[in-house]
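[1] Structure, please.
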Amino acid sequence: MFRVPFLVAIALAIAFGGGIWSTLRALEATAGFGAIRLGAWEAFPNAQTAAADPYAKSHRASAGALLYATAEGLQFTANVDDSGAALRGDCSYRISGHTPPTRLWTLHSVRTETMRKAKDAGLPVALNSRAILRHADGSFEIEVSADAKPGNWLAVPGDRRLRLRLTLLDTPAAGSSGLIDLSMPSIQQTGCRDA
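    Numbers count the residues shown, from 1 in each chain. The predicted model follows:
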């Protein structure tokens, strides 16, 4: 007597639960379509425009972060180094080179919950173009590591996968279609704790 309603309830729970789970996984897997890759860096120039795809709009709605108009800024993220290996918190990396022309850029790790604790401890969890040391030709080197390094050092959590975000503010690159011709800083692994 209760067998049919019970089976229907189980089927609905599996359908709704599976649908919600697969949607959340799809949103975690991609930030949208139309990505441009420059070395290890990836950007979605249309993610903050009216022509954005549904995945980008969903990320925009759930992030609650400041959104830039097309000509105001462009966010690049890196999940891998130049060799294609995933960025890990227990490894050290060197970001070196130049950024595209921009009035200001910022660099930080996306892991906000761990970064708050590091910020409270006085560690440099974010860098910007006005506060770093540069070579005579304008290039720079930034050490990304959980352990302190001399010079430009970006403190990151040492216990998980790592994602870096480089935001270019007031850059002509954001409003142009010539993003493919731009050069981004390289990301090279310099060592790991387990090696």
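[2] So for this protein, the centremost residue is which one?
    By C-alpha atoms, centre = their mean, the chain has its centre lying nearest to residue 77, at 3.2 Å.
[3] what ranges of the protein fall below the confidence cut-off?
    The chain contains residues with pLDDT under 70 at 1, 26-34, 46-53, 55-71, 111-121, 173-181, 195.
[4] if we go to 50?
    Of all residues in the chain, none has pLDDT under 50.
[5] Show me where it has its helices.
    Assignment of helices within the chain using DSSP state H yields the ranges 3-29, 54-63, 112-120.
[6] Tell me, domain by domain, which residues of the chain belong where.
    Domain segmentation of the chain under the TED database yields 1-30, 34-192.
[7] hey, which of those is tucked in deepest?
    domain 34-192 (a mean of 16; mean count of other C-beta atoms under 10 Å). (C-beta placed from N, C-alpha, C; glycine too.)
[8] any idea how far that one is from the chain center?
    On the basis of C-alpha atoms, centre = their mean, to the nearest Å, domain 34-192 sits 6 Å off its chain's mean C-alpha point.
[9] And for stretch 3-23?
    Worked out by C-alpha atoms, centre = their mean, stretch 3-23 lies 35 Å from the chain centre.
[10] Mind listing residues that contact it?
    Applying C-beta atoms under 8 Å, 6 or more residues apart in numbering, stretch 3-23 has no contact partners.
[11] so what's the residue nearest to the centre of the chain closest to, chain neighbours aside?
    Nearest residue to residue 77 in three dimensions, chain neighbours excluded: residue 165, at 5.1 Å (C-beta to C-beta, 6 or more residues apart in numbering).
[12] I'd say that neighbour and residue 74 touch.
    No: using C-beta atoms under 8 Å as the test, residue 165 is too far from residue 74 to be in contact (11.1 Å).
[13] just the strands in the protein please.
    36-38, 41-43, 73-78, 91-97, 104-109, 126-128, 140-145, 153-155, 164-169, 186-192 (DSSP state E).
[14] contacting residues for residue 167?
    Taking C-beta under 8 Å, 6+ apart as the test, what residue 167 contacts is 68, 73, 74, 75, 76, 105, 106, 107.
[15] Test of understanding: give the bridge partners of it.
    residue 75, residue 106 (DSSP bridges).
[16] For residue 103, see how far away it is.
    Distance, residue 167 to residue 103, using C-beta to C-beta, to the nearest Å: 12 Å.
[17] Ok, residue 15 next?
    50 Å.
[18] and what of residue 24?
    37 Å.
[19] Could you do residue 94 as well?
    Counting by C-beta to C-beta, the gap from residue 94 to residue 103 is 25 Å.
[20] go on, residue 38?
    Taken as C-beta to C-beta, the span from residue 38 to residue 103 is 19 Å.
[21] With residue 153 instead?
    Following C-beta to C-beta, the distance that separates residue 153 from residue 103 is 24 Å.
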